[in-house]
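A.B. asks: pasting the structure only:
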Ligand SMILES: NC(=O)c1ccc[n+]([C@@H]2O[C@H](COP(=O)([O-])OP(=O)(O)OC[C@H]3O[C@@H](n4cnc5c(N)ncnc54)[C@H](OP(=O)(O)O)[C@@H]3O)[C@@H](O)[C@H]2O)c1
């Protein structure tokens, strides 16, 4: 099978021929139809991720057809169309993942390949409203966004600000918030992406590159109940400014690095809650699929690439050019 393999930091992934693996007990072999990129894949190529090893097939997101099942796996899974939950060994505590928790695509071989072995506990029937590209684009951003949104207790009538709307998780968080009946405001570096977000139902959009965006947002819409942020960085101080009393800021990433300042006076005077959120439990994954199916949530796809063009897709992600998911078509 063909696979895109991490060899060296700051070097392109190498697309090479690999032996198709055989499933052991408790495992399945999935013939992948499509995979999708996450920022994690870019961080790994830059050496900015723990536990990096040379020779690993990258990629966390994938969807395909179960080709073989190992012993102890129900043969009813054979030929089933599935999506893969990339978060493995969450553990028993719904509050937090176990120390064994890891994500497909480093250190375990990932989805940038024509086939993959995963535990049968990681596969879920593909939502019938999704085609292969959309199904592959869903898992990692879907579960991350679902857990972030539900931990913030977003519900009908909530007003939510989502930062950096061009991002995969951000766009999925917007769709999940909308499915729950919330009103969504967004920020972006790009006017064009703000327009796209408005077309997708955002009620307002602001350029985070303009220092007075919080003022503009507050004067037009008032404070928000919840912020969903994956950026951090210098702009983090604005998030405490635009969150209303008793509100909540959920953070799932730090694309722009750690916050430069933290206004503790705003934090305690406004009785704000800060929540950190990572991926999600198997239960979160199942509930994300259910909510998505009930509301026809379909990931926004920026572009589809072939496996040999995986480095072009990574370049697009590096430049934050995308609006939505970068997908790899595998068959
Ligand atoms: N904890 C977890 O479980 C988890 C899971 C998934 C991702 N993450 C992390 O979350 C972050 C986003 O992941 P992703 O896969 O959605 O990435 P992505 O698709 O590459 O999106 C990144 C987006 O970040 C936005 N951005 C960049 N600088 C920003 C800034 N200064 N202020 C606001 N937004 C900014 C940009 O939005 P515009 O293009 O609109 O400007 C960009 O499109 C990454 O840091 C990733 O590592 C964490």
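C.D. replies: Alright, I've got the coordinates. Please read these numbers as outputs of a predicted model, since none were measured by experiment.
A.B. asks: any idea how far the helix or strand containing residue 239 is from the chain center?
C.D. replies: Element membership for residue 239, per DSSP states H and E: helix 236-242. From the chain centre to the centre of helix 236-242 is a distance of 23 Å (CA atoms, centre = their mean, to the nearest Å).
A.B. asks: State the next helix or strand along the chain beyond it.
C.D. replies: strand 243-251.
A.B. asks: which residues sit against the helix or strand immediately after that next one in the chain?
C.D. replies: Remark: after strand 243-251, the chain's next helix or strand is helix 264-269, criterion DSSP H and E. Residues outside helix 264-269 that contact it (CB atoms under 8 Å, 6 or more residues apart in numbering) are 240-241, 272, 274. (Each C-beta comes from the backbone N, C-alpha and C, glycine too.)
A.B. asks: any idea how far residue 283 lies from residue 237?
C.D. replies: 35 Å (CB to CB, to the nearest Å).
A.B. asks: Pick out whichever of the two has more residues nearby.
C.D. replies: Shown here are residue 283 and residue 237; by other CB atoms under 10 Å, residue 237 has more neighbours (15 against 11).
A.B. asks: isn't the more buried one right next to residue 258, touching?
C.D. replies: No. Residue 237 sits out of contact with residue 258 when judged by CB atoms under 8 Å, with a separation of 12.0 Å.
A.B. asks: So which elements touch the helix holding residue 239?
C.D. replies: helix 213-221, strand 224-229, helix 264-269 (3 or more CB pairs under 8 Å, 6 or more residues apart in numbering; DSSP states H and E).
A.B. asks: Show the average pLDDT along that helix.
C.D. replies: On average, the pLDDT along helix 236-242 is 97.
A.B. asks: at contact distance from the ligand, anything in that helix?
C.D. replies: No. With CB under 6 Å from any ligand atom as the criterion, the ligand is not reached by helix 236-242; the gap is at least 8.6 Å.
A.B. asks: May I see the buried residues of that helix?
C.D. replies: 236, 238-240, 242 (16 or more other CB atoms under 10 Å).
A.B. asks: cool, and stretch 20-28?
C.D. replies: Using 16+ other CB under 10 Å as the test for burial, stretch 20-28 gives 23, 27-28.
A.B. asks: Is the residue positioned nearest the centre of the chain within a helix or a strand, and which one?
C.D. replies: Residue closest to the mean C-alpha point of the chain, counted by CA atoms, centre = their mean, is residue 141 at 2.0 Å. Secondary structure from DSSP H and E places residue 141 in helix 139-151.
A.B. asks: ok, then the element right after that helix?
C.D. replies: Immediately after helix 139-151, counting by DSSP H and E, sits strand 159-162.
A.B. asks: what's the domain layout of this protein?
C.D. replies: Domains of the chain are assigned by automatic domain parsing as 2-138+299-329, 143-276.
A.B. asks: For the first one, the averaged confidence score.
C.D. replies: Averaging the model's pLDDT scores along domain 2-138+299-329 yields 97.
A.B. asks: Just put the domains of the chain in TSV and tack on distance to residue 293.
C.D. replies: Listed next are those as TSV, based on distance: least, CB to CB, whole Å:
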stretch	distance to residue 293
domain 2-138+299-329	5
domain 143-276	11
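A.B. asks: Which parts of the stretch 51-200 of the chain are helices?
C.D. replies: With DSSP state H, counting those that start in this stretch, the ranges of helices along the stretch 51-200 of the chain come out as 132-137, 139-151, 168-179, 191-199.
A.B. asks: Make CSV out of these and add distance to the ligand.
C.D. replies: What follows is the helices of the stretch 51-200 of the chain, written out as CSV (distance: least, CB to the nearest ligand atom, whole Å):
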stretch, distance to the ligand
helix 132-137, 11
helix 139-151, 4
helix 168-179, 4
helix 191-199, 5
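A.B. asks: ok, residue 101 touching residue 89?
C.D. replies: Yes. Counting by CB under 8 Å, residue 89 is a contact partner of residue 101 at 5.4 Å.
A.B. asks: Residue 214 and the ligand, how far apart?
C.D. replies: Distance check for residue 214 against the ligand: by CB to the nearest ligand atom, to the nearest Å, it reads 13 Å.
A.B. asks: What is the burial count for that residue?
C.D. replies: The burial count for residue 214: 21, using other CB under 10 Å.
A.B. asks: How about the stretch 1-150 of the chain: which residue is closest to the ligand?
C.D. replies: Here the residue of the stretch 1-150 of the chain nearest the ligand is residue 39; by CB to the nearest ligand atom that distance is 3.4 Å.
A.B. asks: Would you mind naming what in the stretch 51-200 of the chain lies close to the ligand?
C.D. replies: Residues of the stretch 51-200 of the chain lying near the ligand by CB under 6 Å from any ligand atom: 140, 144, 163-170, 187-190, 193.
A.B. asks: Going through the residues you listed, which ones are buried?
C.D. replies: The neighbour-count criterion (16+ other CB under 10 Å) marks 140, 144, 163-170, 187-188, 190, 193 among those as buried.
A.B. asks: So which of the residues you listed is the closest to residue 44?
C.D. replies: residue 140 (13.4 Å; CB to CB).
A.B. asks: The closest one: what's it in contact with?
C.D. replies: Going by CB under 8 Å, 6+ apart, residue 140 touches 36, 38, 40, 60-61, 86-87, 103, 168, 279.
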